[in-house]
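Asks: Turn this into a structure:
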Amino acid sequence: MENQDKKELAFDLNLHVARLLQSEPFFASISRRVNKMPSTQLPTAGVRVNPHTSRFELLYNPDFFAKLTDLERTDVLKHEFYHLIFEHVTSRKPADIKDRVWNFAADLAINSHLGHLPSGSLKPGVGPFEDFPSGLAAEAYLKRLEKMKEESSGNGDGDGLPEEGQFDDHGEWGSGGEADEIARERLKDYIKKASEKASSSSSGWGTVPHDVRQEILAKIKSTLDWKKVLRYFVKTSTRANKTTTVKRVNKRYRYIHPGSKIKRLARIAISVDQSGSVDDTMLEAFFGELNKLAKLATFTVVPFDTRVEASLVYEWKKGQRHKTERVMSGGTDFNAPTDYVNKRDFDGHIILTDLMAPKPKASKCQRMWMTTKRYASRPYFQTNERIVAIEDGR
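Replies: The predicted model follows:
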């Protein structure tokens, strides 16, 4: 085990990432949100969603990275981050398609944009793919690969795909479970913030091609489904209470250490602005979705205007349903619900409001604002916290 540890420490990618991505601000911003961990279980590298935390991880083999040049290391990093950006990791592969064919299609789509990958990497226009144009999406390459397979099967040449060329691991992609759903919503935030930072500087996009840049910007401009965002917020606020159990096999140390059992709980405060400018339509839409979200968590509803009246605060227990209600009226002071939540043990804080009041003090737990499209477009104050618009009929 000691020799294994020394081997894994031979090349620590974390010590090199900042230098490698110094001229790539967009990728550097994505990189800061991805955990990087050495692993000799993979021959090269691979990205995945951790099923317990719903966070992205880059597993890398130190020996593989140690043998690469700096240019190759940089392109391998960008290759893995492109898998995240293009949602190859969090989306299910097309139905009835073998993993190997889909993996080739995903790599061809990415490698069109990279010029310093390790030798032998799959590239459109090279080797068996010499007739493949560059710059297509994975789905377009998939169609060409399927056609290649059909033509090869008639000649008795197997699936017609080369034995080597795919240098990274795709083994834990697209389970389609809750972890992927949370990670996919989290990724939208990552890409939005990275794009905003990149667009603020003439060199912020680095080597990201113009067409890819436009595709990324189009994605982040698309309308968000506020209901999905709300579910995502609740799930990412959930705390994991982990205990060990001999009834589960430890995947890393089979039959040596006990496995783990995770029970997820979330305590969310819902602060409802009671001022008259918060209309009943918004309240009805919000309460309607909370009735569904009560299947996931217990909420504490905190009505407020310029103050919080403790006698009006109530617990919305998991599984219960409640009707829309307005119990106060007056002005708006966001410090009132923030103080109430900061003094108690909450995992997340959602404020339903028209945003028409000064910016409040910092929140001790993650905080999100929900309002109408009109008020979201012209908030009274600026914040880095998420502001989500509730639209009628959604």
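
Asks: could you say what helices and strands the host helix or strand of residue 19 packs with?
Replies: Using DSSP states H and E, residue 19 maps to helix 17-20. With contacts taken as 3 or more C-beta pairs under 8 Å, 6 or more residues apart in numbering; DSSP states H and E, helix 17-20 sits against helix 25-31, helix 70-85. Any C-beta I mention is one placed from the backbone N, CA and C, and that applies to glycine too.

Asks: And the contacts of the first one?
Replies: It stands for helix 25-31. For helix 25-31, the surrounding residues in contact (C-beta atoms under 8 Å, 6 or more residues apart in numbering) are 17-18, 21-22, 77-78, 81, 84-85, 190-191, 193-195, 197-198, 201, 203-206, 208.

Asks: Next: stretch 277-288.
Replies: 272, 322-324, 326, 352-354, 356, 370-372, 390, 392, 394.

Asks: burial measure for residue 29, as a count.
Replies: The number of residues packed near residue 29 is 20, by other C-beta atoms under 10 Å.

Asks: Can you give me the pLDDT of it?
Replies: Here, the pLDDT recorded for residue 29 equals 94.

Asks: before we move on, which element is the nearest residue to residue 342 once chain neighbours are set aside in?
Replies: Excluding the flanking residues, the one nearest residue 342 by C-beta to C-beta, 6 or more residues apart in numbering is residue 364, at 4.7 Å. Counting by DSSP H and E, no helix or strand carries residue 364.

Asks: Quick check: residue 364 touching residue 340?
Replies: No: counting by C-beta atoms under 8 Å, residue 340 is not a contact partner of residue 364; they are 11.4 Å apart.

Asks: about what we covered before: and the residue nearest to residue 342, what are its phi and psi?
Replies: phi -80, psi -20 (degrees, to the nearest 10).

Asks: what stretches of the stretch 101-250 of the chain score poorly on pLDDT?
Replies: For the stretch 101-250 of the chain, residues meeting the criterion pLDDT under 70 lie at 153-160, 162-167, 171, 174-178, 221-227, 238-250.

Asks: And the strands in it, which stretches?
Replies: 239-249 (DSSP state E, counting those that start in this stretch).

Asks: returning to that earlier point: in terms of neighbours, single out the busier of residue 364 and residue 340.
Replies: Comparing residue 364 with residue 340 by other C-beta under 10 Å, the one with more neighbours is residue 340, at 20 against 14.

Asks: and the residue nearest to the more buried one when sequence neighbours are not counted, how many neighbours does it have?
Replies: Of all residues beyond its chain neighbours, the one nearest residue 340 is residue 308 (4.7 Å), with distances taken as C-beta to C-beta, 6+ apart. Applying other C-beta under 10 Å, we find 19 residues neighbouring residue 308.

Asks: Now for residue 101, how many residues are close by?
Replies: With other C-beta under 10 Å as criterion, residue 101 counts 19.

Asks: wait, what's in contact with it?
Replies: 142, 145, 146, 149, 159, 161.

Asks: And for residue 186?
Replies: 54, 55, 232, 236.

Asks: Pick the one among those residues closest to residue 386.
Replies: Distance to residue 386, by C-beta to C-beta, is smallest for residue 232 among these, at 9.6 Å.

Asks: The closest one touches residue 185, doesn't it?
Replies: Yes: Residue 232 is in contact with residue 185 according to C-beta under 8 Å; the separation is 3.7 Å.

Asks: Please identify which of the two sits among more neighbours.
Replies: Taking other C-beta under 10 Å, residue 232 and residue 185 do not tie; residue 232 has more neighbours (23 against 20).

Asks: one step back: would you list the helices and strands packed on helix 17-20 in TSV and tack on distance to residue 300?
Replies: Output for the helices and strands packed on helix 17-20, formatted as TSV (distance: least, C-beta to C-beta, whole Å):
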stretch	distance to residue 300
helix 25-31	35
helix 70-85	35
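
Asks: can you tell me which of the ones you listed comes nearest to residue 344?
Replies: Per C-beta to C-beta, nearest to residue 344 of those: helix 25-31, 33.6 Å.

Asks: For whatever helix or strand comes next after the closest one, the averaged confidence score.
Replies: The element immediately downstream of helix 25-31 (helix or strand, assigned by DSSP H and E) is strand 35-38. The average pLDDT for strand 35-38 rounds to 93.

Asks: From the contact counts, what lies against strand 35-38?
Replies: For strand 35-38, the packing partners by 3+ C-beta pairs under 8 Å, 6+ apart come out as strand 56-60.

Asks: what packs against the strand it packs on?
Replies: Other elements packing on strand 56-60 under the criterion 3+ C-beta pairs under 8 Å, 6+ apart are strand 35-38, strand 45-49, helix 70-85.

Asks: got the angle between it and strand 45-49?
Replies: 160 degrees (axes from the mean of the first three to the mean of the last three C-alpha atoms, to 10 degrees).

Asks: Partner strands of strand 56-60 and their direction?
Replies: strand 35-38 (parallel), strand 45-49 (antiparallel) (DSSP bridges).

Asks: Distance to residue 267 added to those strands, as TSV?
Replies: Converted to TSV, these look like this (distance: least, C-beta to C-beta, whole Å):
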stretch	distance to residue 267
strand 35-38	26
strand 45-49	25
